[in-house]
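Visitor: Below is the structure, and that's it, no one-letter string:
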Ligand code: LMR
């Protein structure tokens, strides 16, 4: 039977990351994947994470037993407070540990397609490429809403509101909680209010994806604005939360899925069904990453240190935005690159087309996604001028 299996297309993000690994050019640059790199281009383990691991190693109460289906309850509580705020009402938030944000989206998608009457999810255009496959594989119909105006390099609020207005009652709307991937363009507080009002009026289900809390402003608390505002406004939101980027726990696969329910009874019922989805899929989540997050967030000193380290990563990325634009000018580019410095989060959505991206890869071994997105974390003082010169060459050619 295997003889007839067709070859699948490589993943739009991770496939390029594989090509980077294979490339032997000593000047190669990886700006493809959204993963933090230090000023020498190396992966960075946060010192607060290291400290937590040391504490765990010496703690005789730590073990390698299975977590329960819903994960480590103490971790989940800390994670939920990190997102919704220390004073959130835990008695109505149904939450489980997940395999990072992808796992949370997938379990959430399975839940929606099993229990929701309208199996349609509205997803921004553009969005993180994996969103589409995740929700389709979960049995949801994916519909796109306008989000980004390429002419102004800003939010297409009018288009977004119009498309959401046309969604059927009871449909689901996916919103990036902050630092929109790939555009780096978020609604302002006023615009979030307008979006919230419309969604409430239309009686739509909100599904927040929060993968970059802390990377938008450098302050993880401030970055929770949209989520907390929607909850305050009475939305029964769903939330996919990832600790991959903000704790640097990529390979640990550590996140949560949560639902703001109406009461404790509803919470129990939702939780029971989510567990029924998880058990036949992977039984229970891995425990190392969640133990790290729990250890950090239950220790006042480590929490303080963690927030500083998260801000440090966001600031280094911010300085790379400015440096990239400076270097483009230095290289002779006369294009308006100001959108790069006005965008936020981990990415620059440059506006380069797929041909330009291909040329960057083939001529200069600069690996980026073909939508023109650059992960700024892959830049540093040693490679930014090389990248800027190469971008100038393909955009002014
Ligand atoms: C990205 O957008 O590069 C990250 O979210 C990594 C991934 O899994 O695609």
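Guide: Perfect, thanks for sending it. Only a predicted model underlies this, so the values are computations on that prediction, with no experimental measurement involved.

Visitor: ends of stretch 125-133, how far apart?
Guide: In stretch 125-133, first residue to last residue: 14 Å (Cα to Cα, to the nearest Å).

Visitor: Give me the buried positions along that stretch.
Guide: By 16 or more other Cβ atoms under 10 Å, the buried positions in stretch 125-133 come out as 125, 126, 127, 128, 129, 130, 131, 132. Every C-beta, even on glycine, is put in place using the N, C-alpha and C of the backbone.

Visitor: and what of stretch 292-302?
Guide: 292, 293, 294, 295, 296, 297, 299, 302.

Visitor: So what touches stretch 307-317?
Guide: Contacts with stretch 307-317, where a contact means Cβ atoms under 8 Å, 6 or more residues apart in numbering, come from 36, 38-39, 44, 46-48, 214-220, 246-248, 345-346, 376-377.

Visitor: end-to-end on stretch 26-40?
Guide: 14 Å.

Visitor: Any buried residues in it, and which?
Guide: 28, 29, 30, 31, 32, 33, 34, 35, 36, 37.

Visitor: on that earlier part again, report the two of the buried residues of stretch 125-133 separated the most.
Guide: 125 and 130 (14.7 Å; Cβ to Cβ).

Visitor: Next, format the buried residues of stretch 26-40 as a markdown table and append secondary structure and pLDDT.
Guide: Converted to a markdown table, the buried residues of stretch 26-40 look like this (DSSP: H, G, I helix; E, B strand; the rest coil; pLDDT from 0 to 100):
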| residue | secondary structure | pLDDT |
| --- | --- | --- |
| 28 | coil | 97 |
| 29 | strand | 97 |
| 30 | strand | 96 |
| 31 | coil | 97 |
| 32 | coil | 96 |
| 33 | coil | 93 |
| 34 | coil | 93 |
| 35 | coil | 95 |
| 36 | coil | 96 |
| 37 | strand | 96 |
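
Visitor: need the residues you listed in JSON lines with distance to the ligand, can you?
Guide: Below are those laid out as JSON lines (distance: Cβ to the nearest ligand atom, whole Å):
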{"residue": "28", "distance to the ligand": "17"}
{"residue": "29", "distance to the ligand": "15"}
{"residue": "30", "distance to the ligand": "11"}
{"residue": "31", "distance to the ligand": "10"}
{"residue": "32", "distance to the ligand": "7"}
{"residue": "33", "distance to the ligand": "4"}
{"residue": "34", "distance to the ligand": "3"}
{"residue": "35", "distance to the ligand": "7"}
{"residue": "36", "distance to the ligand": "11"}
{"residue": "37", "distance to the ligand": "13"}
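
Visitor: mind listing the helices for the protein?
Guide: Under the criterion DSSP state H, the chain contains helices at 14-22, 47-58, 73-84, 100-115, 129-137, 157-165, 189-202, 225-232, 264-278, 288-297, 300-330, 338-342, 354-364, 384-395.

Visitor: tell me the domain boundaries of this structure?
Guide: What automatic domain parsing lists as the domains of the chain is 2-46+302-395, 60-299.

Visitor: So which of those is nearest residue 54?
Guide: domain 60-299 (9.6 Å).

Visitor: is the ligand contacted by that closest one?
Guide: Yes: part of domain 60-299 sits near the ligand under the criterion Cβ under 6 Å from any ligand atom, namely 128, 130, 181.

Visitor: Pull up the distance across that domain, start to finish.
Guide: From its first residue to its last, domain 60-299 covers 17 Å (Cα to Cα).

Visitor: and that domain, average pLDDT?
Guide: The average pLDDT within domain 60-299 is 97.

Visitor: what's the distance between it and the middle of its chain?
Guide: Taking Cα atoms, centre = their mean, to the nearest Å, one finds domain 60-299 lying 10 Å from the centre of the chain it belongs to.

Visitor: got the contact list for the spatially most central residue of the chain?
Guide: Compute the mean C-alpha point of the chain, and by Cα atoms, centre = their mean the closest residue is residue 211, 2.7 Å away. Applying Cβ under 8 Å, 6+ apart, one finds that residue 211 lies in contact with 101, 128, 176, 179, 181, 240, 242, 244, 245.

Visitor: Go again with 6 Å.
Guide: 101, 242 (Cβ atoms under 6 Å, 6 or more residues apart in numbering).

Visitor: same deal with residue 89?
Guide: Per Cβ under 6 Å, 6+ apart, neighbours of residue 89: none.

Visitor: if I look at residue 288, how far off is residue 72?
Guide: 11 Å (Cβ to Cβ, to the nearest Å).

Visitor: Between the two, tell me which one has more neighbours.
Guide: residue 72 (20 against 15; other Cβ atoms under 10 Å).

Visitor: Near the closest residue to that one other than its chain neighbours, how many other residues are there?
Guide: Leaving aside its sequence neighbours, residue 72 sits nearest to residue 290 (Cβ to Cβ, 6 or more residues apart in numbering; 4.8 Å). Residues lying near residue 290 (other Cβ under 10 Å) number 27.

Visitor: Wait, residue 290 touches residue 256, no?
Guide: No: contact criterion Cβ atoms under 6 Å: residue 290 and residue 256 do not qualify, at 8.9 Å.
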